[in-house]
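> here are the coordinates; sequence isn't available:
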């Protein structure tokens, strides 16, 4: 018997951006869109199913869903799931492509539907997405042009990262290291606490060198970078909720304000006392 899937969501603009965060879990049936979709995972460990292939996801992963590709996310209740989602119209991609460089190839699935980029690329891409969020939310006369330029540059760079022969491209799910999942959950729950490599290794009864190697293999990043980025995201949320930059610094686990300020500026492009974009509530038309 042939299966049928629901078409969901709509897109009237060239592209839309949603920055979402919740811990309600996902209860989404298989569905598809006429537009293309990019999901950049900022927090949470779950999976994404695209065209029948299930990919285990970790923070920093980029999911690329083509037009009319059947898909659904899978995240558990209680797991803080933060992501930036882009809806992109087919006309925008084709209209900004050239004969020898087709933007829609990023979403073809030729090399898979998930990119697990390098630390350097991931941090640069996050800065681009936050910049795009700010540009799209602004009211300056040139914001439309700026946002188009930012998105086009980001898509070209994703395409170049996909094309690199040494880029890790996760395949469909294979058995994962449950101990690394436990470590990820522990880090997420203890961001404000002092956490050292030695303490982690002792807590989870694992050699620290083996732990560091397996962590990078499973997540594509180091424990230090993962913890720093998650703390910075927490600090940004605290600042936006009304805490001072100094309070947010120490409540998010940093011990030096100067180091915190430098890291914050590098990741978000503004100082902790500057203005930063917020996380929007879940809109009705932001189908996963």
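Cool, got the structure. Computed from a prediction, not measured in an experiment: that's the story for all the values here.
> thought residue 191 was touching residue 235?
No - counting by CB atoms under 8 Å, residue 191 stays clear of residue 235, with 9.4 Å between them. Just so you know, the C-beta spots here come from the backbone N, C-alpha and C atoms, and that holds for glycine as well.
> show me which of these two is the more surrounded one.
residue 235 (27 against 17; other CB atoms under 10 Å).
> list the contacts for that one?
248-249, 251-252, 254, 260, 264, 272 (CB atoms under 8 Å, 6 or more residues apart in numbering).
> any quick ChimeraX command for the buried ones out of the residues you listed?
The ChimeraX selection below is limited to those of the contacts of residue 235 classed as buried (16 or more other CB atoms under 10 Å):
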select :248,249,252,254,260,264,272
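> ranges for the strands of the stretch 51-200 of the chain?
For the stretch 51-200 of the chain, the strands defined by DSSP state E, counting those that start in this stretch occupy 53-57, 62-65, 71-74, 81-88, 114-115.
> list the buried ones in the longest one?
Pointing back at strand 81-88 there. Quick answer for strand 81-88 (16+ other CB under 10 Å): 81-88.
> now the residues you listed in CSV, with pLDDT?
Shown next, in CSV, are these (pLDDT from 0 to 100):
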residue, pLDDT
81, 92
82, 93
83, 95
84, 96
85, 96
86, 96
87, 96
88, 96
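> and which of these is nearest to residue 116?
Within the buried residues of strand 81-88, proximity to residue 116 (CB to CB) peaks at residue 83, which comes in at 14.9 Å.
> list the buried residues in the helix or strand hosting residue 21.
Here residue 21, judged by DSSP states H and E, is contained in strand 15-22. Within strand 15-22, the residues that qualify as buried are 15-22, counting by 16+ other CB under 10 Å.
> ok, stretch 233-251 next?
233-239, 243, 245, 248-249.
> now do stretch 103-122
Counting neighbours by 16+ other CB under 10 Å, stretch 103-122 gives 103-107, 109, 112-119, 121-122 as buried.
> what's the closest of the contacts of residue 235 to residue 145?
Nearest member of the contacts of residue 235 to residue 145, counting by CB to CB, is residue 264, at 27.9 Å.
> can I assume residue 68 is in contact with residue 32?
Yes - contact criterion CB under 8 Å: residue 68 and residue 32 qualify, at 5.0 Å.
> these two: which has the busier surroundings?
For residue 68 versus residue 32, the count of surrounding residues by other CB under 10 Å is larger for residue 32: 21 against 14.
> residues contacting the residue lying closest to residue 13 once chain neighbours are set aside?
Spatial nearest neighbour of residue 13, excluding adjacent residues (CB to CB, 6 or more residues apart in numbering): residue 89 at 7.3 Å. For residue 89, the contact set (CB under 8 Å, 6+ apart) comprises 11, 13-15, 35-36.
> for the residues you listed, which ChimeraX command selects only the ones that are buried?
Command for ChimeraX that selects the buried part of the contacts of residue 89, burial taken from 16+ other CB under 10 Å:
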select :11,14,15,35,36
